[in-house]
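K.L.:
How does the following fold in three dimensions:
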Amino acid sequence: MAGLAKGLAVIEAFGRSRAQLTVSEAAQATGLTRATARRCLLTLTELGYLAHDGKHFRPTPRMARLGQSYARTDPLPRLAQPHLVSAREALGESVSLAVYDDGAAVFVARAETERVVSAGVRVGTRLAACGSATGRVLLAALPDAELDAYLADCRPQARTPKSLVDVEEIRRQVLAVREGGAAVTDEELELGMRSMATPVRDAEGEIRAALSVSAFTARISLQEMYDQFLPVLRDHAERIGRML
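P.N.:
Next comes the predicted model:
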């Protein structure tokens, strides 16, 4: 079982900012020794989950099977998908659904537009909760003590010059979600991109997920997102919530 845990740690080391890894990078990301990381990488390669070009290891399409187990057994992505498609058609932009997992917003469903908006978000993508609109919506659902503990350990990374890295400002943004019911990021994850997210609440009013949309800054202003996008997101978030 210890070997399985190490292999899973290596799998989780791959992500949006680490599409490929060397042995040294995998060891650093997981805290494993180079020898152990190398054995895990080679085993995953033998099983078909990774490809190796002699230096770098990168996930193969077979890796998607691991995430599909969740998507096929948890009803949320399946129930939400028609509403994501409907929201996409209404907004003309890609719409996503994310849930909270160990300090990250994990995207579990998505309806893409034909126009490529960002290559970084796909089903299975994990984004640091403190640095994304979806994540800040999900953080708003945490009890105060849990939120305080998360922010105390939070080390925000600046992905662009506009990324928020001040923890107290991030706290204010999260608390604002509790009041206003929405979060936005303005070129914090990627220059030229804006994102907006709103909570999906179940019958008890608990936040179960975050529904989000992203668009090019050249296509829409922040105020237009609030005026045009937010009502659509809220409407579809409520529809999803009524099924939970």
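K.L.:
Strands of the chain, start to end?
P.N.:
50-52, 57-59, 95-101, 104-111, 126-128, 183-186, 193-201, 207-216 (DSSP state E).
K.L.:
Buried residues of the third one, list them for me.
P.N.:
By neighbour count, and taking 16 or more other C-beta atoms under 10 Å as the criterion, the buried residues in strand 95-101 are V95, S96, L97, A98, V99, Y100. The way it works is simple: take the backbone N, C-alpha and C, and place the C-beta from them, glycine included.
K.L.:
Just the CA atoms of it, as PDB, please.
P.N.:
The C-alpha coordinates for strand 95-101 follow below in PDB (Å, rounded to 0.1, in the frame of the first residue of the first chain):
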ATOM      1  CA  VAL A  95     -18.700  27.100 -18.700                       C
ATOM      2  CA  SER A  96     -17.200  24.800 -16.000                       C
ATOM      3  CA  LEU A  97     -18.200  23.100 -12.800                       C
ATOM      4  CA  ALA A  98     -15.600  22.700 -10.000                       C
ATOM      5  CA  VAL A  99     -15.600  21.100  -6.500                       C
ATOM      6  CA  TYR A 100     -13.300  21.600  -3.500                       C
ATOM      7  CA  ASP A 101     -10.600  19.100  -2.800                       C
END
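K.L.:
angle of that strand against strand 193-201?
P.N.:
Counting by axes from the mean of the first three to the mean of the last three C-alpha atoms, to 10 degrees, strand 95-101 lies at 60 degrees to strand 193-201.
K.L.:
List the buried residues in stretch 2-17.
P.N.:
Quick answer for stretch 2-17 (16+ other C-beta under 10 Å): K6, G7, A9, V10, I11, A13, F14, G15, R16.
K.L.:
What is the burial count for T217?
P.N.:
Counted with other C-beta atoms under 10 Å, residues neighbouring T217 total 14.
K.L.:
swap in H56?
P.N.:
Residues near H56, counting by other C-beta under 10 Å: 14.
K.L.:
Not counting sequence-adjacent ones, nearest residue to it?
P.N.:
Q20 (4.2 Å; C-beta to C-beta, 6 or more residues apart in numbering).
K.L.:
How about L189?
P.N.:
R159 (5.4 Å).
K.L.:
try T36
P.N.:
K6 (6.1 Å).
K.L.:
Now do the contacts for the one you found.
P.N.:
Listed by C-beta atoms under 8 Å, 6 or more residues apart in numbering, the contact set of K6 reads T30, L32, T36, C40.
K.L.:
how about a cut-off of 7 Å?
P.N.:
Listed by C-beta atoms under 7 Å, 6 or more residues apart in numbering, the contact partners of K6 are L32, T36, C40.
K.L.:
confidence score at it?
P.N.:
Per-residue confidence (pLDDT) for K6: 86.
K.L.:
Next, find the distance separating it from D235.
P.N.:
To D235, K6 is 45 Å away according to C-beta to C-beta, to the nearest Å.
K.L.:
try H56
P.N.:
Taken as C-beta to C-beta, the span from H56 to D235 is 44 Å.
K.L.:
Please apply the same query to A51.
P.N.:
In terms of C-beta to C-beta, A51 sits 43 Å off from D235.
K.L.:
likewise F229?
P.N.:
11 Å.
K.L.:
which of those two has more neighbours?
P.N.:
For the pair F229 and D235, the greater number of neighbours falls to F229 (24 against 14), based on other C-beta under 10 Å.
K.L.:
list the helices and strands the biggest helix by length in the chain packs on?
P.N.:
Longest helix of the chain, by residue count under DSSP state H: helix 75-91. Using 3 or more C-beta pairs under 7 Å, 6 or more residues apart in numbering; DSSP states H and E, the elements in contact with helix 75-91 are strand 95-101, strand 104-111, helix 230-241.
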